[in-house]
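Participant: fold the following and give me the result.
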Amino acid sequence: MGEIEKKRKHRIKVFGERNTGTRAVMEMVRALEGATINTPVTKEPDLDYLEEQIKKTIKGFHRELYVDAILDVRRKRQAGVSAWKHAAPVVDDSYAAHGCSVLFLVRDPYSWIKSLTRRPYHIRAPRLDSVEDFIQRPWLCMERDNIDRVLISPMNLWNEKLRAYLAFAEAAPVPSTVLHFENFVIDPVAALGQALARFGVAVDGLREIDQSTKNGGRSAAERREYYKNAIWKRELTPRAARLVNQHVDWGVAANFGYNKQAPEDFGR
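Facilitator: You can find the predicted model right below:
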């Protein structure tokens, strides 16, 4: 019995909006002896066949639309603990059934919207270079985001996901905790280690991944400098900060330690 318990891995489910470090966190957890990322998969032969046919017969952006639709169907069928890492989570029995702990990744809303403008994953409209313009344009969600399909602003992705994390933490029969992107990017091992330790995970051997998980990303040293010294704030205009202030649900934000900042603190 003792040997079986010794070998048991802690199952971790990660949720985080786009550009919050989910990929790096999951890679670090997967490399840890005492933990694993909980990603139960159910085979779906009909969807597998459909996706195969799509990839054979459709190219370019239209192929992406079709494949995304297949992914939406997969996630809808499986739901619960099998939900997309960027989804708004919903409590059901699957989390407890898998003995899963839930790790929520969150990020300062000002820094986050700047990053989403630069890397707008799953955008369904022409890209924009201006953060101000980006904030003011409606956002079309994927069905697997598990929120309203059309939002008045991409900032509402931030509001809706963090609101869902709060609701989940209050109602779920499994443990959960929060990892702040700002702490993680400055000292990945210490920040993730502290979060995992709250679940009782032994973090000996936890290691930072050597390179950025994104093509063309900054090195670890560059990331630490960029966020430790808040260099990104110089690249966000006061007008963009005012727009963030207008769109963010600051009641929700306060629960995660984020507060409204003065627009004049940006761009200098």
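Participant: who's in contact with residue 68?
Facilitator: 122, 142 (Cβ atoms under 8 Å, 6 or more residues apart in numbering). All C-beta atoms are positioned from the backbone trio N, CA, C, and that covers glycine.
Participant: wait, is it part of a helix?
Facilitator: Yes. Assessed by DSSP: H, G, I helix; E, B strand; the rest coil, residue 68 belongs to a helix.
Participant: for residue 142, see how far away it is.
Facilitator: 6 Å (Cβ to Cβ, to the nearest Å).
Participant: where does the stretch 151-268 of the chain dip in pLDDT?
Facilitator: 211-217 (pLDDT under 70).
Participant: neighbours around residue 163, how many?
Facilitator: 17 (other Cβ atoms under 10 Å).
Participant: and residue 135, by the same measure?
Facilitator: The burial count for residue 135: 22, using other Cβ under 10 Å.
Participant: isn't it right next to residue 247, touching?
Facilitator: Yes. Counting by Cβ atoms under 8 Å, residue 247 is a contact partner of residue 135 at 6.5 Å.
Participant: who touches both of those two?
Facilitator: 153, 155.
Participant: what's the closest non-adjacent residue to residue 97?
Facilitator: residue 81 (7.8 Å; Cβ to Cβ, 6 or more residues apart in numbering).
Participant: contact partners for the one you found?
Facilitator: 13, 38, 40, 92, 94, 95, 97, 98, 100.
Participant: okay, those in a markdown table with pLDDT and neighbour count next?
Facilitator: Formatted as a markdown table, the contacts of residue 81 follow (pLDDT from 0 to 100; neighbours: other Cβ atoms under 10 Å):
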| residue | pLDDT | neighbour count |
| --- | --- | --- |
| 13 | 97 | 24 |
| 38 | 86 | 21 |
| 40 | 68 | 14 |
| 92 | 94 | 13 |
| 94 | 93 | 19 |
| 95 | 95 | 24 |
| 97 | 94 | 12 |
| 98 | 92 | 16 |
| 100 | 95 | 22 |
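Participant: farthest-separated two in those?
Facilitator: 38 and 92 (13.8 Å; Cβ to Cβ).
Participant: ok so, going back, okay, the residue nearest to residue 97: pLDDT?
Facilitator: Listed pLDDT for residue 81 reads 92.
Participant: and what of residue 76?
Facilitator: So, for residue 76, pLDDT stands at 87.
Participant: surely it is in a strand?
Facilitator: No. In this structure, residue 76 is helix, not part of a strand, as judged by three-state DSSP.
Participant: and it, what does it touch?
Facilitator: Applying Cβ under 8 Å, 6+ apart, the residues near residue 76 are 143, 144.
Participant: residue 61: neighbouring residues, count only.
Facilitator: 9.
Participant: please apply the same query to the one 10 residues further on.
Facilitator: Neighbourhood size, residue 71 [other Cβ under 10 Å]: 16.
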